[in-house]
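Peer 1: show me the folded form of this:
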Amino acid sequence: MQLLAESSSKKSYRIVIEGVVQGVGFRPFVFQLAKEYGLCGYVTNSGSGVVVAVEGTPEHIDSFLVMLQQKKPPLARIDKIEKESTSPLNLENFSIVDSLKSTVSTMLLADMSLCNDCLEEMQDKENRRYNYPFINCTNCGPRYSIIKNLPYDRKMSSMDSFAMCEKCQEEYHNPNDRRYHAQPISCYECGPSLKYVTLSGEEEHDQKKALEKIATLIKAGEVVAIKGVGGFHIVCDATNSEAVRSLRENKHRPTKPLAVMFKSLQAIKKVASMSKKEETLILSKERPITIVKKREHTTLSHLIAPNIDRIGVFLPYTPLHVLLLKKVKVPLVATSANLSGEPIIVDEKEIFQKMPFVVEHLLTYDREIVNACDDSVVQESKHHTITLRMARGYAPFSLYYKQKTAKKILAFGANQKVTIALAFENNILLSPHIGDIDSISSSEYFQKTLETLQRVYKFEPDIVVCDKHPKYETSRFARAYVDEHAGVELVELQHHYAHALSCMAEYSLDEDVLAFCFDGTGYGDDGKLWGGEVFVANTKKYERVYHFKELALLGGEVAIKEPRRVGLSMLFASFSLETILQMDSPLVNAFKESEIRTLYSMYERGINSPQSSSVGRLFDGVYALSGFTQSLGYEGESGLILESLSEKSKSKAIFKYFLQEGVVEYAPMIAEILEEPSKEKIAKKFMNTLVHMILTIAEKYPELPLVLSGGVFQNRVLVSMLTQKLREKKRAYYIPSSVAINDGGIALGQAYFAFKNSKG
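Peer 2: Got it, this is the predicted structure:
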């Protein structure tokens, strides 16, 4: 029932609402709420968010503002509401008006998975969108991947080329309809359409037949490509080992785990065991790839995630995925279509140009992907959700702060798992995952993402922040940018300090913290490769109070792919050459005597043997000392294997180590590992030892909260054990959750530093 305002005490206000308030059904929500309280005025989108002009009694306006926050749409996020009195509006009703032109500061929206309402409609034979592959509404569907500019209107997206039919227009313009101003709205009559294409040039434009053809090929064991929201997936039957083997061989991906898409949570339960928290993640509107524990005996191919006990699973997040799974009736491998080190492919021609030996058949559609966006990857530790890749569903990701920066800040990130951050006014915006910048294609993708963010926000930075590493491509980009733009300040920030700041930014921390920053490598202040750092830090400065004893990386970057070299380096640090040559161990036996002597000479002379304090490399060394001598198939493989092994042991023992003058000295551990025959016990004792080291150092700074950041803390077992101990001790700690804990969070830390230290 509509409430009536008393005309004798009317007030008029202009209300500006900032946050995630465009493309989420916020204007029709405001419209309906205003009518409920008998208010007059209008609501519109603007560059800063949503503007509401409202007139009514003070009581009704106050109630309206309360309900605005309590009942907001599910995808909306309100960061700030400003209200100011205005002259009387003299309007007789409330309406929704076209977007205003103004300075852009509203937040970009992430692509969202298919909602339950749309899922029900597409399964209803009487609905006009029955089995429609592109069904969406205000609460779901593509956003970031199709947007060209803000405000988020259809004409600013790749849907601009699709003229709405009469029925879609009616829904689009009806404030009481779920599809009111849903920018990707379409149907069979007016929307995008599917197309089947082959390497040889065959095409099928009938949508039903195109879907049938690709489903038939998958069931026959073929590897195909399918266009998703933010790029193509390489897809095959996850129960067919020959198909999976073909994908691995042709994509040159020997052991890296492959994500699997299932039709339902019940189907996932047949191959994996999950906690309630993991189930919630899998079912969430973001639909991330979620890392869960594999069951031992399932119908899935043993090649999906070899050598580890975990598997990445996810549910269909587009209507096309739903239709495909319904046709094939088996779980599907769905891995990003890209060459190693390159970004996800968004163009069908590029698929055949770059991956002709991987796929010969693809299913595509004619709506352009403006902005590429990979799948997000998350996992649950005992107490926390850990983000491994922040992309579709979560990013672009924005944080709002009470403080306002006087400068515009652009942060370029690291060189792996790269993201870009913009800081302006009260906000820091973090881009989706871009990837490793180690190819021409990935550099171009980085530049395109940067151009998109700058175009959308009309963004010209006053400050550019980059990593201190002189050879990072992103640092070169940053220096080149500053050289080309007079008056722009360059800030170079130490890698691990940025890791600490990334976590601090997520929780708006400004006080002193004790930061444990453990990862693979990062350029240190002393020119060495850091990666096992303990800082006392705040938003202005840091002091390196502890670090792990450096080890030599024999052969430089080669050692990162060959852990046996790291293990041998650890032996060189503890034993004489002759003693090592007499050892009967898998590690020593993995080398010829001449190789060991040559590498020892390199070690002694410091030739191509950079020093590293990295805990990531320490994992590699322990992996090799345990008897694993093969090269790694992907980054972090040694850590995942040790994680899996550690869960098979109940040992509570630790290896010997000591702290001396700010150095974590683990040399005593090496001899103990060589004497331990059980790989499982080695792995568990190593985890126990790392936890013990962290707790021991933490006790020396009892007044400081802990920050845990860096790629090593992707290790679920390590984090679960450590956080359990910290909770038992009632010790305050912070660990990244919404933001990627690895180098994907570096740009946020860089931006936060400049945000906190820029002067007006």
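Peer 1: from here on, just use CA atoms for contacts and neighbour counts.
Peer 2: OK.
Peer 1: where does pLDDT dip in the stretch 651-760 of the chain?
Peer 2: The model of the stretch 651-760 of the chain has pLDDT under 70 over residues 760.
Peer 1: now do the strands in it.
Peer 2: With DSSP state E, counting those that start in this stretch as the criterion, the stretch 651-760 of the chain has strands at 658-660, 663-665, 706-709, 733-734.
Peer 1: can you tell me which of those strands is most buried?
Peer 2: strand 706-709 (a mean of 26; mean count of other C-alpha atoms under 10 Å).
Peer 1: for that one, give me every contacting residue.
Peer 2: If you take C-alpha atoms under 8 Å, 6 or more residues apart in numbering as the criterion, strand 706-709 is touched by 499-500, 503-504, 513-518, 698, 731-736, 741-742.
Peer 1: how about the helices in the stretch 201-350 of the chain?
Peer 2: 207-219, 241-251, 265-269, 276-283, 319-328, 348-354 (DSSP state H, counting those that start in this stretch).
Peer 1: for the stretch 451-600 of the chain, which segments are assigned as helices?
Peer 2: Using DSSP H, counting those that start in this stretch, the helices of the stretch 451-600 of the chain run over 473-484, 495-506, 558-561, 563-572, 577-581, 586-589, 593-605.
Peer 1: return the set of buried residues in the fifth one.
Peer 2: Buried positions in helix 577-581, judged by neighbour count with 16 or more other C-alpha atoms under 10 Å: 580, 581.
Peer 1: just the CA coordinates of that helix, formatted as PDB?
Peer 2: The C-alpha coordinates for helix 577-581 follow below in PDB (Å, rounded to 0.1, in the frame of the first residue of the first chain):
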ATOM      1  CA  LEU A 577      81.900 -31.900  -2.200                       C
ATOM      2  CA  GLU A 578      83.500 -35.300  -1.500                       C
ATOM      3  CA  THR A 579      80.900 -36.100   1.200                       C
ATOM      4  CA  ILE A 580      78.100 -35.300  -1.300                       C
ATOM      5  CA  LEU A 581      79.600 -37.500  -4.000                       C
END
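Peer 1: report all helices and strands that it contacts.
Peer 2: Judged by 3 or more C-alpha pairs under 8 Å, 6 or more residues apart in numbering; DSSP states H and E, helix 577-581 is in contact with helix 593-605.
Peer 1: tell me the domain ranges of this structure?
Peer 2: Taking automatic domain parsing as the domain assignment, the ranges for the chain are 7-96, 111-192, 194-365, 381-511+740-757, 548-691.
Peer 1: and the ones you listed, which is most packed in?
Peer 2: Of the domains of the chain, domain 381-511+740-757 is the most buried (mean count of other C-alpha under 10 Å), at a mean of 22.
Peer 1: how far does that one sit from the chain's center?
Peer 2: 13 Å (C-alpha atoms, centre = their mean, to the nearest Å).
Peer 1: let me see the contact set for residue 24.
Peer 2: Residues near residue 24 by C-alpha under 8 Å, 6+ apart: 73, 74, 75, 76, 138, 139.
Peer 1: residue 247 too?
Peer 2: Counting by C-alpha under 8 Å, 6+ apart, residue 247 touches 223, 236, 358.
Peer 1: repeat that with 7 Å
Peer 2: Counting by C-alpha atoms under 7 Å, 6 or more residues apart in numbering, residue 247 touches 223, 358.
Peer 1: equivalent analysis for residue 673, please.
Peer 2: Residues near residue 673 by C-alpha under 7 Å, 6+ apart: 625, 682.
Peer 1: what helices or strands is the longest helix along the chain leaning on?
Peer 2: Ranked by residue count and defined by DSSP state H, the top helix of the chain is helix 679-699. The contact analysis (3 or more C-alpha pairs under 7 Å, 6 or more residues apart in numbering; DSSP states H and E) places helix 679-699 against helix 637-646.
Peer 1: grab the nearest non-local neighbour of residue 325.
Peer 2: In space, and not counting its chain neighbours, residue 325 is closest to residue 263: 5.9 Å by C-alpha to C-alpha, 6 or more residues apart in numbering.
Peer 1: OK, contacts around the residue positioned nearest the centre of the chain?
Peer 2: When the chain is reduced to its mean C-alpha position, the closest residue under C-alpha atoms, centre = their mean turns out to be residue 390, at 1.3 Å. Applying C-alpha under 7 Å, 6+ apart, we find residue 390 in contact with 376, 377, 432, 433, 739, 740.
Peer 1: shouldn't the last one be in contact with residue 389?
Peer 2: Read it as residue 740. Yes: using C-alpha atoms under 7 Å, residue 740 is in contact with residue 389, at 5.8 Å.
Peer 1: isn't residue 437 right next to residue 445, touching?
Peer 2: No: using C-alpha under 7 Å, residue 437 is not in contact with residue 445; the gap is 8.9 Å.
Peer 1: just to revisit the earlier point, residue 198 is nearest to which of the strands of the stretch 651-760 of the chain?
Peer 2: Among those, the nearest to residue 198 by C-alpha to C-alpha is strand 706-709 (45.3 Å).
Peer 1: send me the closest one as PDB with only the CA atoms.
Peer 2: C-alpha atoms of strand 706-709 as PDB (Å, rounded to 0.1, in the frame of the first residue of the first chain):
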ATOM      1  CA  LEU A 706      50.400 -10.300  12.200                       C
ATOM      2  CA  VAL A 707      50.000 -10.000   8.400                       C
ATOM      3  CA  LEU A 708      50.400 -13.100   6.300                       C
ATOM      4  CA  SER A 709      50.900 -12.500   2.500                       C
END
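Peer 1: for it, which strands pair with it and how are they oriented?
Peer 2: Paired strands of strand 706-709, with direction, are strand 513-523 (parallel), strand 733-734 (parallel) (DSSP bridges).
Peer 1: ok, which of those comes nearest residue 115?
Peer 2: With respect to residue 115, and counting by C-alpha to C-alpha, the nearest of these is strand 733-734 at 32.5 Å.
Peer 1: looking at the helices of the stretch 201-350 of the chain, which is closest to residue 341?
Peer 2: With C-alpha to C-alpha, the closest approach to residue 341 among the helices of the stretch 201-350 of the chain belongs to helix 241-251: 11.8 Å.
Peer 1: and that closest one, how far out from the chain middle?
Peer 2: The chain centroid and the centroid of helix 241-251 are separated by 26 Å under C-alpha atoms, centre = their mean.
Peer 1: and it with helix 207-219, angle?
Peer 2: 100 degrees (axes from the mean of the first three to the mean of the last three C-alpha atoms, to 10 degrees).
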